[in-house]
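In: got a predicted structure plus its sequence, pasted below:
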Amino acid sequence: MKTTLPNNLKTRAALSNMIESGYYSGFIKMNAFEMSEKKIVNNFSVKGRLESDDRFVVKAGYCAPLNFLYKIGLASIIFISLYMYWHWISLLISITICAIFLTIYRMRCSKEMDRFFEVYVRCKI
């Protein structure tokens, strides 16, 4: 299920109010927005992209440099484990490490989305 926000004046006002009140830093364009939390230091950002049905699809993820490093790190772990295919224990350990990283990533994304919508509802009123 996609998390969406309607594209109307009230939503845009709430998003700009989130930036003006100091909760988030970022930008709002006509077809997209990107925000990262200001008060809590973390490496996550919330991005929204306008779809054809006139709603913003909202996603959370790492900020740009960390997102690249995260993908390169997971790819290198998989490559190293496949290169040493005769050591089944290294393959098992690398799959476990990747699963742990993906679980932590998904939990932090959902936590960031919860925080974002909590502030969004507070600023919408």
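Out: Received, thanks.
In: my read is Arg49 is in a helix, agree?
Out: No - applying DSSP: H, G, I helix; E, B strand; the rest coil, one finds Arg49 to be strand, outside a helix.
In: against which helices or strands is the least confident helix or strand in the chain by mean pLDDT packed?
Out: Sorting the helices and strands of the chain by mean pLDDT, DSSP states H and E puts helix 64-83 at the bottom, at a mean of 72. Helix 64-83 sits against helix 88-124, with contacts defined as 3 or more C-beta pairs under 8 Å, 6 or more residues apart in numbering; DSSP states H and E. C-beta here means a position set from N, CA and C on the backbone, and glycine is covered the same way.
In: average model confidence for the helix it packs on?
Out: Averaged over helix 88-124, pLDDT sits at 84.
In: repeat that for stretch 49-63.
Out: Mean pLDDT, stretch 49-63: 86.
In: in it, what's buried?
Out: The neighbour-count criterion (16 or more other C-beta atoms under 10 Å) identifies Leu50, Arg55, Phe56, Val58, Ala60, Gly61, Tyr62 as the buried residues of stretch 49-63.
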